[in-house]
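[1] Mind folding the following:
(2 chains)
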Amino acid sequence: MLTFMASDSEEEVCDERTSLMSAESPTPRSCQDSRPALEDRENAAQWRGQDSEEDPEEDADRYVCSGVPGRPPGLEEELTLKYGAKHVIMLFVPVTLCMVVVVATIKSVRFYTEKNGQLIYTPFTEDTPSVGQRLLNSVLNTLIMISVIVVMTIFLVVLYKYRCYKFIHGWLIMSSLMLLFLFTYIYLGEVLKTYNVAMDYPTLLLTVWNFGAVGMVCIHWKGPLVLQQAYLIMISALMALVFIKYLPEWSAWVILGAISVYDLVAVLCPKGPLRMLVETAQERNEPIFPALIYSSAMVWTVGMAKLDPSSQGALQLPYDPEMEEDSYDSFGEPSYPEVFEPPLPGYPGEELEEEEERGVKLGLGDFIFYSVLVGKAAATGSGDWNTTLACFVAILIGLCLTLLLLAVFKKALPALPISITFGLIFYFSTDNLVRPFMDTLASHQLYI
Amino acid sequence: MTAAVFFGCTFIAFGPALALYIFTIATEPLRVIFLIVGAFFWLLSLLLSSLVWFMTRTITDNKDGPVQKYLLMFGVLVSVLIQEMFRFAYYKILKKANEGLKSINPDETAPSMRLLAYVSGLGFGIMSGVFSFVNTLSDSLGPGTVGIRGDSPQFFLNSAFMTLVIILLHIFWGIVFFDGCEKKKWYTLLVVLLTHVLVSALTFVSPHYGISLVAAYVIVVPMGIWAFFAAGGSCRSLRLCLLCQDKDFLLFNQHSR
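    I've put the predicted structure just below:
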């Protein structure tokens, strides 16, 4: 899911109706920490908690929230669009980096393309003689996987509703521990094997310990933004590599398709578990869980205190959602009280500051599934780079379109469906149509 | 083949495009987006042309022989036609998007059509070059000897230079094409289409790479000059730029001190 963040204050009302019309009250709002004022819940930030015991990372993929500071309509749209291009690039870069890491690993480290068994969630094998049987097995695998995801999401929503925060927090910490230590150790081992580099155990211990400990601190507590982003990208890539290795061929494609349908349903339907989770969070005025969302927020600037005649108070302490989501216990209290003045139309110079405070958030599950798609294309494309590149471009275009829809509709949106659909279409068509054409052209050295 | 060949050919083919990207596109988010959308449009055109070729091949039942060669030539010509059609479609979409952007925020300077022509040409060029050359490049990292069966030993070098000239041509075609559309000079579109067909058809004379390569470079120079004048350049501005006398340069220098 995609999120916009804006500055806000605790007593603010996140009111999507006013965020759309917002002629009279240009109060900054944030969908993350304010109450849902209306039933239509267009601004609902959604978060999907889901679990496979190895990764809670899959959950956070559909967290979408868009908050737009209140302004007169023309200016608001201008700001939305002005921010739009910048935010698209702020998401292009991490998504591209994650995909590059995954594709580079797939192409060089043989371990992740070898078949060594399957996950417990996909028990049916695909080594069957007939095509129909194989298709049936992959569909059954998908059903099992999706139902596991749904059950875990509902479990998480129930836990959240009954305020079992310690349990959820512990769960998240356990899974990021496993990702940061165990999977990194395996990954490092395989990379060293591929390049035939020897490393003794004390060095390995030191490296993995430092990497993991700093990662835990950055993700769950406080740390430099860039470092946190880098760690989130790395764990998404690790998770995607695990999926690429352990999901059988056809099941992977069917699962990708089914996940995007599930995403669409869970985020947009009124009774979807993700939607309920987000509404609960909004009712309680709490931040959604840390460590499951990639935030591209820029650092909050310390601005001068200024009277804002059209807003509610002279000084507004904004949340620092970036910090907030890390310090989970601070329900709505900013970790760093910073003074910020909301820019007004009459102060064009402040717009730069306003711009700096807005960021976009994308759930880690989106990263993971994008990388799974591109990684699978790289793994099975018979050494063909064209398929990988086509899927890459298709996913970026899908992300662009999703962000455009986010800017237009200003409500929570699932980030998977459009990108995965484009990616799947381009994968199958490039693999079956374009590849023979380009291969024939290349063998005759023809250029089009 | 060695890493030197790999890196050398990569930089020959993609160096100018990369430099253009870094210096002109990477700083502005909107331009990056338009570049990627341009690449996407080229990809769509390739998809459509592959579909056409695939269907014709299926209709003729995959028989080997001269039929396949003619089908391939037909496929290439259709592909060129479809690429130019998608270039036109991209122009139309950019026009609409520009109007939308202008109507929404009249103060903010939307990118001009000339800039978008350049960006779209670069997008088409990068995607086209990458798709033509990247598989060859990845093969160049593997083991093997070039030309062992009598082919040209300069295979990689020829391909790299051909890719470079295709990328440059796409940039110039983009600029000239959009300029022709803006000024409603439809003969421009025809000229672009014909030169594209010519360049592609010249590659049919392989394995005599020399002819197609030299001819392509002979075409790219006047195309570049035409694009330069279509983009608003003039001899005077070129002279001022080369002598470092244009105002922006001076102002920039003063500010940096």
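
[2] Count the neighbours of whichever residue of the stretch 101-250 of chain A sits closest to chain B for me.
    In the stretch 101-250 of chain A, the residue that lies nearest chain B is A:Lys107 (8.5 Å; C-beta to the nearest C-beta). Every C-beta, even on glycine, is put in place using the N, C-alpha and C of the backbone. Each residue near A:Lys107 was counted by other C-beta atoms under 10 Å in any protein chain shown, and the total is 17.

[3] three-state assignment of it?
    helix (DSSP: H, G, I helix; E, B strand; the rest coil).

[4] Would you enumerate the residues in contact with it?
    Residues near A:Lys107 by C-beta atoms under 8 Å, 6 or more residues apart in numbering or on different chains: A:Ala378.

[5] Please point out which parts of stretch A:214-221 sit buried.
    For stretch A:214-221, the neighbour count (16 or more other C-beta atoms under 10 Å in any protein chain shown) marks A:215-216, A:218-220 as buried.

[6] Residue in the stretch 151-300 of chain A with the shortest distance to chain B?
    Counting by C-beta to the nearest C-beta, the stretch 151-300 of chain A gets nearest chain B through A:Ser296, at 12.3 Å.

[7] And the pLDDT for the residue nearest to that residue when sequence neighbours are not counted?
    Of all residues not flanking A:Ser296 in the chain, A:Met90 sits nearest, at 4.1 Å (C-beta to C-beta, 6 or more residues apart in numbering or on different chains). According to the prediction, A:Met90 has pLDDT 90.

[8] The strand or helix carrying A:Met90: what's the following helix or strand?
    Here A:Met90, judged by DSSP states H and E, is contained in helix A:73-108. Next helix or strand after helix A:73-108 toward the C-terminus (DSSP H and E): helix A:131-161.

[9] Packing partners of that next one?
    Contacts defined by 3 or more C-beta pairs under 8 Å, 6 or more residues apart in numbering or on different chains; DSSP states H and E place helix A:131-161 against helix A:165-177, helix A:249-268, helix A:273-283.

[10] Tell me what angle the last one forms with helix A:249-268.
    This means helix A:273-283. 40 degrees (axes from the mean of the first three to the mean of the last three C-alpha atoms, to 10 degrees).

[11] And helix A:273-283, what does it pack against?
    So helix A:273-283, by 3+ C-beta pairs under 8 Å, 6+ apart, packs with strand A:35-36, helix A:131-161, helix A:249-268.

[12] out of the ones you listed, deepest packed?
    Highest mean neighbour count of the helices and strands packed on helix A:273-283: helix A:249-268, a mean of 21 (counted as mean count of other C-beta atoms under 10 Å in any protein chain shown).

[13] Any idea how many residues pack against A:Phe211?
    17.

[14] Could you list the low-pLDDT ranges of the chain?
    Looking at chain A here, since you left the chain open. Along chain A, the parts satisfying pLDDT under 70 run over A:1-84, A:290, A:298-358, A:381-383.

[15] I was after chain B.
    In chain B, residues with pLDDT under 70: B:62-63, B:103-108, B:206-207, B:246-257.

[16] Which stretches in it count as helices?
    B:3-20, B:29-59, B:66-104, B:113-140, B:155-182, B:186-202, B:209-230, B:235-242, B:247-256 (DSSP state H).

[17] need these in a markdown table with distance to chain A and mean neighbour count, can you?
    Listed next are the helices of chain B as a markdown table, based on distance: least, C-beta to the nearest C-beta, whole Å; neighbours: other C-beta atoms under 10 Å in any protein chain shown:
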| stretch | distance to chain A | mean neighbour count |
| --- | --- | --- |
| helix B:3-20 | 12 | 16 |
| helix B:29-59 | 4 | 20 |
| helix B:66-104 | 4 | 16 |
| helix B:113-140 | 5 | 23 |
| helix B:155-182 | 6 | 24 |
| helix B:186-202 | 6 | 17 |
| helix B:209-230 | 7 | 17 |
| helix B:235-242 | 29 | 11 |
| helix B:247-256 | 19 | 9 |
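
[18] Between these, which one is closest to A:Trp209.
    helix B:3-20 (34.7 Å; C-beta to C-beta).

[19] what separates that closest one from the chain centre, distance-wise?
    Relative to the mean C-alpha coordinate of its chain, helix B:3-20 is positioned 15 Å out (C-alpha atoms, centre = their mean, to the nearest Å).

[20] residues making contact with it?
    Counting by C-beta under 8 Å, 6+ apart, B:122, B:125-126, B:129-130, B:133, B:137, B:140-141, B:156-157, B:159-161, B:163-164, B:167-168, B:171 sit against helix B:3-20.

[21] If we use 7 Å, what do you get?
    B:122, B:125-126, B:129, B:133, B:137, B:140-141, B:156-157, B:160-161, B:163-164, B:167-168 (C-beta atoms under 7 Å, 6 or more residues apart in numbering or on different chains).

[22] And for stretch A:181-193?
    Against stretch A:181-193 from outside (C-beta under 7 Å, 6+ apart): A:109, A:111, A:199, A:208, A:211-212, A:238, A:242.

[23] What subset of those is buried?
    Here, 16+ other C-beta under 10 Å leaves A:109, A:111, A:208, A:211-212, A:238, A:242 buried among the contacts of stretch A:181-193.

[24] Turn those residues into TSV, including distance to B:Leu240 and secondary structure.
    Output for the buried ones among the contacts of stretch A:181-193, formatted as TSV (distance: C-beta to C-beta, whole Å; DSSP: H, G, I helix; E, B strand; the rest coil):
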residue	distance to B:Leu240	secondary structure
A:Val109	53	coil
A:Phe111	59	helix
A:Val208	59	helix
A:Phe211	54	helix
A:Gly212	58	helix
A:Leu238	54	helix
A:Val242	59	helix
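
[25] Now render the residues you listed as a markdown table, adding distance to chain B.
    A markdown table is the format used below for the buried ones among the contacts of stretch A:181-193 (distance: C-beta to the nearest C-beta, whole Å):
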| residue | distance to chain B |
| --- | --- |
| A:Val109 | 16 |
| A:Phe111 | 20 |
| A:Val208 | 30 |
| A:Phe211 | 29 |
| A:Gly212 | 34 |
| A:Leu238 | 25 |
| A:Val242 | 25 |
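
[26] related to what we said a few turns ago, mind checking how far the residue nearest to A:Ser296 is from B:Leu46?
    29 Å (C-beta to C-beta, to the nearest Å).

[27] now A:Ile233
    30 Å.

[28] same question, B:Phe133
    14 Å.
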